[in-house]
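Enquirer: Here is my input, please return the structure:
(one chain, ligands or ions: 2)
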Amino acid sequence: MKINSIFTQTPHRRYNPLTGDWLLVSPQRSQRPWLGQVEKAPAVGLPSYDPDCYLCPGNKRAGGVVNPHYTSTFAFTNDFSALLPDIPEVAITDQPLFRIETERGICRVVCFSPRHDLTLPEMSQQAVEQVVSTWTEESIQLGEREKIHYVQVFENKGVMMGCSNPHPHSQIWATGKIPNEPACELATQSAYYRQNGRPLLQDYLNEEQRLSARIIFSNAHFTVLVPFWAVWPFETLMIANRPTATSLADLTADEVSGLAEAMRHITTRYDNLFEIPFPYSMGFHQAPSDDQKHPEWVLHAHYYPPLLRSATVKKFMVGYEMLSMPQRDITPESSASHLCRLPETHYKSREK
Ligand code: H2U
Ligand code: ZN
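Expert: Residues are numbered from 1 along each chain as shown. Ligands and ions are numbered 1, 2, ... in the order given. Below is the predicted model:
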């Protein structure tokens with residue numbers, strides 16, 4: 001679908017077929033100079049090792065466990081896990097207005113490397129592939145556990161996103177029940193597959209590739225784009241090109257390389273936007289690990305960055321957005337063309 005030019009200037013609603021939600025877009029408001037000033041956040045030089053960091057190799061974590069002198073990725077069970085594996089299953093089913101049930105699960109932390117100061121876009125291709133492989137192994141091991149039906153891999157980056165420690169790391173929460181967002185995507189993708197006989201994201205990706213108005217990056221295995229329904233100003237969606245890739249565990253070695261390349265590319269563009277380590281929450285949506293085939297599901301990752309106009313101006317999801325629906329000013333197409341115009345080399349390597 002080509003966007004009628006009226007939509008580039010007038011308020012409109014866009015539909016998100018993955019969630020079934022609508023988004024309000026108000027492009028007429030973005031005619032004020034929104035990218036005019038680019039404030040640089042104060043540069044914070046981090047050491048490569050911090051003796052006070054609970055994630056650095058050889059340091060003590062809460063509860064007294066000492067990290068090994070790891071040299072690559074390092075995964076451990078969260079010392080303050082939000083979920084617990086071995087608790088009795090209890091559910092109250094006869095009170096429709098007061099439903100409550102046990103949730104079992106496991107929380108893991110995955111450090112990207114021993115380096116306290118090295119974020120994903122600054123890491124080598126091979127090191128990022130190792131991160132993907134660790135997420136894959138963790139997902140397989142957790143998903144194989146009898147009572148686990150969903151594995152959520154995610155990264156919270158930056159103080160703005162509530163990340164408690166700058167040492168680059170991600171988290172994995174594996175649960176007995178399928179959580180809200182993946183459950184919603186399961187329903188929409190399943191309904192689309194039943195109706196059309198093809199995965200929703202396969203059809204969506206084909207159409208985006210044909211139009212090429214919102215694509216930021218693609219290689220033989222993955223594509224990164226600003227989705228038609230993006231809520232956050234610079235939100236992106238990374239989709240596996242092969243529609244039969246439903247989970248990290250399905251990826252071939254070449255696809256893992258393709259994914260690592262796509263991740264390095266988009267995080268570099270993000271950092272270059274305001275020349276800061278760009279904050280975001282990102283995570284993979286894999287098919288549920290529930291012993292069923294999921295032909296409707298295509299592996300993808302969402303990047304949700306909070307920044308709007310500069311390194312210090314954040315988009316707030318308040319007011320109308322809390323009470324009615326999300327809203328954005330700049331169109332997803334404008335964001336995509338802005339991201340595409342940014343250099344492909346990381347600003348830090350250009351400064352040297
Ligand atoms: P975030 O900063 O991304 O929220 O995560 C860091 C996680 O590390 C957090 O979930 C855990 C916290 O519970 N943690 C440990 O497991 N051990 C520690 O010694 C401190 C923090
Ligand atoms: Zn550290």
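Enquirer: what's the single longest helix in this structure?
Expert: Using DSSP state H, we find that the single longest helix of the chain is helix 253-274.
Enquirer: got the buried residues for that helix?
Expert: The neighbour-count check on helix 253-274 (16 or more other Cβ atoms under 10 Å) flags 255-274 as buried. Where C-beta positions appear, they are placed from N, C-alpha and C, glycine not excepted.
Enquirer: And that helix, what does it pack against?
Expert: Helices and strands touching helix 253-274, by 3 or more Cβ pairs under 8 Å, 6 or more residues apart in numbering; DSSP states H and E, are helix 125-144, strand 215-218, strand 222-225, strand 236-240, strand 307-310, helix 332-341, helix 347-351.
Enquirer: got the contact list for the closest residue to ligand 2 within the stretch 201-350 of the chain?
Expert: Ligand 2 sits closest to P277 of the stretch 201-350 of the chain, with a gap of 14.6 Å, by Cβ to the ion. Counting by Cβ atoms under 8 Å, 6 or more residues apart in numbering, P277 makes contact with T119, K157, G158, D271.
Enquirer: Check whether the very next helix or strand once past the longest helix of the chain comes near ligand 1.
Expert: Reading on from helix 253-274 to the C-terminus, the next helix or strand found by DSSP states H and E is strand 280-285. No - contact of strand 280-285 with ligand 1 (Cβ under 6 Å from any ligand atom) is absent, the minimum separation being 9.4 Å.
Enquirer: got the CA positions of the helix or strand following strand 280-285 in CSV?
Expert: Using DSSP H and E, the helix or strand that directly follows strand 280-285 along the chain is strand 300-304. Output of strand 300-304 as CSV, limited to C-alpha atoms (Å, rounded to 0.1, in the frame of the first residue of the first chain):
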residue,chain,number,x,y,z
HIS,A,300,11.4,-11.0,15.2
ALA,A,301,12.8,-8.5,17.6
HIS,A,302,11.3,-5.1,18.7
TYR,A,303,13.5,-2.1,19.6
TYR,A,304,11.7,0.5,21.7
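Enquirer: partners of strand 300-304 in the sheet?
Expert: Using DSSP bridges, strand 300-304 pairs in its sheet with strand 236-240 (antiparallel), strand 280-285 (antiparallel).
Enquirer: What residues does the stretch 151-300 of the chain have near ligand 2?
Expert: Residues of the stretch 151-300 of the chain found near ligand 2 (Cβ under 5 Å from the ion) are H167.
Enquirer: Excluding chain neighbours, give the residue nearest to the residue nearest the centre of the chain in space.
Expert: Centroid-nearest residue in the chain, with Cα atoms, centre = their mean: M282, separated by 2.0 Å. Excluding the flanking residues, the one nearest M282 by Cβ to Cβ, 6 or more residues apart in numbering is Y303, at 4.5 Å.
Enquirer: what's the burial count for that neighbour?
Expert: Neighbours of Y303 under the rule other Cβ atoms under 10 Å: 24.
Enquirer: Repeat that for A240.
Expert: 26.
Enquirer: what separates the closest residue to D290 other than its chain neighbours from G20, distance-wise?
Expert: Counting by Cβ to Cβ, 6+ apart, H149 is the residue found nearest to D290 once chain neighbours are left out, at 4.5 Å. According to Cβ to Cβ, to the nearest Å, H149 and G20 sit 22 Å apart.
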